[in-house]
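In: Based on what follows, work out the 3D shape:
(2 chains, ligands or ions: 1)
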Amino acid sequence: MNEPHYLQPLLPTPFHSRTQAACCTALWSGWAGYQSARCYTHVEFEYFAARNQATLFDLSPMIKYRIAGSDSLPYLNRLMTRDVGKLAVGRVAYTVWCNDVGKVLDDGTLFRLDDNEYLLCAQDRHLPWLQDSAIGFDLEVEDVSERFAALALQGPTSYAIVQRMGFDDLMSLRPFGWRRVKYRGAELIVSRTGFSGDLGYEIWSAPDQAESLWDDLMAAGADFGLMPMGSDALELLRIEAGYLLPNADFMPADHATRASRGRSPFELGLGWLVDFNKGHFVGRRALQAERAGSGRYTFVGLDIDGNKPAHESLIYHRRRELIGHVTSAMWSPTCKRNIAIAELQAGREAMLDDLWVEIYLKKELKWEKLMVRCRVVPRPFFDPPRRLATPPAAY
Amino acid sequence: MKSVRYDAIVVGGGHNGLVCANYLARARQRVLLLEAADQVGGAAATESFAPGFRVSSCAHLVYLFDPSISAELKLADHGLVWSAVDLPSVALSQERAVLSISSDPTLSAGEWMSGEHKRFDALMARMTRFASVLQNLYTRVPPRLRNRRGDIVALVQAAWRIRRLGRDDMRELLRIAGMNIADLLDDELNDDRLKGMLAFDAVLGTRLGPRAPNTVFTWLHRLVSRAPAAHGGIMHPLGGVGALCDALSRSAQAAGVEIRTGARVESIMCDADRVTGVRVADGEEIGARQVISNADPQQTLLSLLGARELDTEFVRRVRDVPMAGTAAKLHLAIDDLPTFVGVDPEQARGRLVIAPNIDYVERASNAIKYGEYAPQPVIEITIPSLHDSTLAPPGKHVLSAIVQYAPYTLRAGWGAHRDEFADCVIAVLAEYAPDLPDKIVERQLLLPVDIEQRYGMTGGHWHHGELGLERFWMWRPTPGAAQYQMPVEGLFLCGAGCHPGGGVMGLAGRNAARAVLATARP
Ligand SMILES: Cc1cc2nc3c(=O)[nH]c(=O)nc-3n(C[C@H](O)[C@H](O)[C@H](O)COP(=O)(O)OP(=O)(O)OC[C@H]3O[C@@H](n4cnc5c(N)ncnc54)[C@H](O)[C@@H]3O)c2cc1C
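Out: Numbering: from 1, shown residues only, chains lettered A, B, ... in the order given. Take a look at the predicted model:
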């Protein structure tokens, strides 16, 4: 294709014939060069289906890298901040990786497929970084994004649906585990992972099985309230689940043109993903210096008075001194709370008892400004016991 | 873990490694120097290449070596004798008489165009003032851009030295610093022979042609030899350039350095982000608190230490240092003195340069861009046996020539083309000395690949990696590694790949020793 990028149409995913047919709103967005439905019917239907029944989300545009070779583990341990050695075959880990100065480049999920084979799923493309990080290691890094069609099946009835599909094996599958299951003479990978903070699965198939998989799942889910869900509803789920989104909650360090915009794992509240005892990893020296006391920011969950979402609000101490800003916010229908994820300047612990957010509100074209009290609360905001229950309850 | 035996291990016994080890031992460190080859010297060694004939195998003239190092290390007491000093540079020419210049302007000979000598002297006087600023930077560990007192003082001092040149000179330095040598010489001079030879001086050891930006800077690098604090002339040690390293070696041993040759270091070991020692080719592990590498940055960091101990962006920067050398060496054993047309016996002792005009040099440099060798190369010839009888049997001579441009990788593969290139060089030499071919008894061609293999210099590069404004001072070899100290604690570089770059100078070695000693102090 020699067309300039702005003349290139977004690509269809392997599920396109189905998502297109289901999409009543014609609301699409671009995701990694693919067409991705923002909303099929109504964002609230889809949100409530995810929290009370189950939803199907087309995850295919996710970028996937296969890492294979005898040095895979030492390579990943040098690349990632956490100890990948603790990840067993059959398990999945949430992970971040940093640049030399210890700022996060992206987050993603890492599947250990075999002793020397891993799959890394991420929002952004990173092949040059992953390949240059492989200098001095014996392994291969390949972009295998197009080899998988992927669906997220999430919600309280999702286990019942996979049972109805005949994927019996999944009873003992714990959160952050994956299994191979037989499907129409082929194999799928099913992982108990997702972005909803609830019971749910992600299903990874060959692209040529995508359409039948969609159809079979929709049929199996008919009695369990399954409906397709777009990215707008997913955004609400992930805020309730307290997950950070690159480019929304933080700037990936290689996207930021202002050097100061990069954030370290500590500054993102992801210090638990940093392991200093596993040998060298990229950014280690910078992070060690930071741990010694130079962190500039902290991430917190906020509970805000009232019911007006504090989108992109500034945060003040005693209504006066600016000490942070909201990165994601929503009125949570499930929690019945007005919640937000926010970045605060570090070292302001003494001020946390008197925090205010400034909310700009448009009421029928007229702007109003509110100063509303808020409190720091733990994340996730929504964390039902069924997320972890193994075996999951049938419905 | 093994018990730590040495304070410092120096990897490589090139002249910089020898200098560094010496200064460390003088500061009462227990130092072991490990050299892969059977003798020290690296790219500044004298070797036999034909029965009875010896030659300085890479560097064949000394002009940058810092006199204060000679004095501090008492090299004269350790046997260093110069067989010649203040050798002239002679521009060979087929069309017109040769032109020769010397560090002492009164010795310049040949037919000068009217006013040209005056213009030349004025240019050299000015360039020498600029080179003095550089010389001063060269004798110090580069600062870092951070708000520490020592760094700020160093930056202010550097700025002050430029300011102190006076307004006109400062303006001129800033104007020309990033410029190409061809434009500068065309502005200032008229004589093609002179301009050709000076352009040659500027590009020697680089992959640049005289119309490439940065070549005024590479010329200044060489002109550091003319700074008042430097030696001045072009010199040759009795016994070849290797004799300088032999004196360095004796001086180092006298200071307490233990030297082992035939000991190739296979890896630099570290634990918990700290150097613990080295492993030698036979498997022996030797412990040390500090490891200082005279090997080039790429070999040291990517092969001996390994990328795994480093961060990705840093590894990229090290990998991206251009390492492909362009200078080859041709050594001829000759049974009688050849006659270079128009060159008198006094001139013949010096440096004979085939670079008759700027276009010639530029054309020679073109080849390298496309993976070809220059069929009409630029050449620097010396016949050291004229003043050094240790190098050839009585009545016979050695001709040592640096030939540029020879690519590290020839697109067509060097295999069959190696002899073709040597023939080509001899044919060019014969244009200036027609009787030469008949006098050749033996010849040896060292291409950049050979130099890499023999002396462990990646790419066979003169400077252990290209030199230029972007790879100088705080940026050499790469930002974040310009103060000799590497990211892994206890690991240092001390070779030509660091500030201030290549050439037989010794300053990288002495600066590195200072950096090592500065970290040792609490
Ligand atoms: C063709 C050519 C001609 C030149 N002509 C001149 C000239 O006329 N005048 C001039 O001033 N400069 C000249 N130079 C440049 C000059 O020779 C070099 O810049 C200088 O010698 C570099 O010195 P060094 O000590 O930094 O490194 P080197 O001389 O390269 O020394 C490095 C040493 O480390 C050793 N080593 C490497 N790896 C290992 C290992 N793993 N274990 C143990 N030992 C190891 C090597 O064997 C070598 O002895 C020339 C260069 C070339 C290539």
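
In: if you go through the stretch 101-250 of chain A in chain order, where are the strands?
Out: With DSSP state E, counting those that start in this stretch as the criterion, the stretch 101-250 of chain A has strands at A:104-114, A:117-122, A:140-143, A:149-154, A:178-183, A:186-191, A:200-205, A:226-228.

In: Can I get those strands in CSV including distance to chain B?
Out: Heads up, the C-betas are built off the backbone N, CA and C, glycines and all. Converted to CSV, these look like this (distance: least, CB to the nearest CB, whole Å):
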stretch, distance to chain B
strand A:104-114, 10
strand A:117-122, 15
strand A:140-143, 12
strand A:149-154, 28
strand A:178-183, 28
strand A:186-191, 28
strand A:200-205, 28
strand A:226-228, 39
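
In: Tell me which of those strands lies nearest to residue B:134.
Out: Across the strands of the stretch 101-250 of chain A, residue B:134 has its closest neighbour in strand A:104-114 (38.9 Å, CB to CB).

In: Send over the strand or helix carrying residue B:117 as PDB, restricted to the C-alpha atoms.
Out: Per DSSP states H and E: residue B:117 is located in helix B:116-138. Extracted as PDB, the C-alpha positions of helix B:116-138 are listed here (Å, rounded to 0.1, in the frame of the first residue of the first chain):
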ATOM      1  CA  GLU B 116      50.800  31.700  -0.200                       C
ATOM      2  CA  HIS B 117      53.400  31.100   2.500                       C
ATOM      3  CA  LYS B 118      52.100  34.100   4.400                       C
ATOM      4  CA  ARG B 119      48.500  33.000   4.100                       C
ATOM      5  CA  PHE B 120      49.400  29.500   5.200                       C
ATOM      6  CA  ASP B 121      51.300  30.800   8.200                       C
ATOM      7  CA  ALA B 122      48.400  33.000   9.200                       C
ATOM      8  CA  LEU B 123      45.900  30.100   8.800                       C
ATOM      9  CA  MET B 124      48.100  27.700  10.800                       C
ATOM     10  CA  ALA B 125      48.700  30.300  13.500                       C
ATOM     11  CA  ARG B 126      44.900  30.700  13.900                       C
ATOM     12  CA  MET B 127      44.200  27.000  13.800                       C
ATOM     13  CA  THR B 128      46.800  26.400  16.300                       C
ATOM     14  CA  ARG B 129      45.200  28.800  18.700                       C
ATOM     15  CA  PHE B 130      41.900  26.900  18.200                       C
ATOM     16  CA  ALA B 131      43.600  23.600  18.700                       C
ATOM     17  CA  SER B 132      45.000  24.900  22.000                       C
ATOM     18  CA  VAL B 133      41.500  25.200  23.300                       C
ATOM     19  CA  LEU B 134      40.900  21.600  22.200                       C
ATOM     20  CA  GLN B 135      44.200  20.500  23.700                       C
ATOM     21  CA  ASN B 136      43.100  21.800  27.000                       C
ATOM     22  CA  LEU B 137      39.800  19.900  26.900                       C
ATOM     23  CA  TYR B 138      41.700  16.800  25.900                       C
END
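
In: just to revisit the earlier point, need the strands of the stretch 101-250 of chain A in JSON lines with mean neighbour count, can you?
Out: Listed next are the strands of the stretch 101-250 of chain A as JSON lines, based on neighbours: other CB atoms under 10 Å in any protein chain shown:
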{"stretch": "strand A:104-114", "mean neighbour count": "21"}
{"stretch": "strand A:117-122", "mean neighbour count": "22"}
{"stretch": "strand A:140-143", "mean neighbour count": "17"}
{"stretch": "strand A:149-154", "mean neighbour count": "25"}
{"stretch": "strand A:178-183", "mean neighbour count": "17"}
{"stretch": "strand A:186-191", "mean neighbour count": "19"}
{"stretch": "strand A:200-205", "mean neighbour count": "24"}
{"stretch": "strand A:226-228", "mean neighbour count": "23"}
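
In: Quick check: nearest residue in space to the residue in the stretch 51-200 of chain A that the ligand sits nearest to, chain neighbours excluded?
Out: Residue of the stretch 51-200 of chain A nearest the ligand, by CB to the nearest ligand atom: residue A:136 (16.2 Å). Distance criterion CB to CB, 6 or more residues apart in numbering or on different chains; nearest residue to residue A:136, sequence neighbours excluded, is residue B:307 at 3.3 Å.
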